[in-house]
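Q: Pasting a predicted model and its sequence here:
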Amino acid sequence: MKKIEVLGTGCPKCKKTVEIIEKVVDANNFEAEIIKVEDVKKITEKGVFMTPAVAVDGKVKIRGKVPSEEEVAGWFE
């Protein structure tokens with residue numbers, strides 16, 4: 001099971017990121033725990049200064065943009 005953390009303060013792009021991840025996980029029956037991290041201190045501790053960002057199993061995969069469905073699916077390969 002993947003641990004996916006969406007790092008952001010709840011802006012529209014952050015919400016869209018969560019929607020896309022949930023859509024891909026549900027459509028492909030991937031096993032994932034999706035966690036929203038909105039605490040600015042926790043976000044910056046991961047070296048993220050542009051949101052939205054996504055960390056998969058502790059490794060930051062994207063910063064400052066909404067991922068495509070293809071990018072999200074690639075995290076499960």
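A: Nice, I can see it.
Q: which residue sits closest to residue 56, ignoring its sequence neighbours?
A: Spatial nearest neighbour of residue 56, chain neighbours left out: residue 75 (4.9 Å); criterion: CB to CB, 6 or more residues apart in numbering. The C-beta positions use only the backbone N, C-alpha and C, and glycine is treated the same way.
Q: Kindly apply the preceding question to residue 50 instead.
A: Per CB to CB, 6+ apart, closest to residue 50 is residue 64, 3.3 Å.
Q: wait, isn't the one you found in contact with residue 53?
A: Yes - at 7.0 Å, residue 64 counts as touching residue 53 under the criterion of CB atoms under 8 Å.
Q: more neighbours, those two?
A: Set residue 64 next to residue 53 and count neighbours by other CB atoms under 10 Å: residue 53 wins out with 24 against 11.
Q: mind listing what that one touches?
A: Going by CB atoms under 8 Å, 6 or more residues apart in numbering, residue 53 touches 6-8, 43, 46, 60, 62-64.
Q: Quick check on those: which are buried?
A: Buried members of the contacts of residue 53, counted by 16 or more other CB atoms under 10 Å: 6-8, 43, 46, 62-63.
Q: For the chain, just list every one of the strands.
A: With strands called from DSSP state E, the chain shows them at 2-7, 32-37, 53-56, 59-63.
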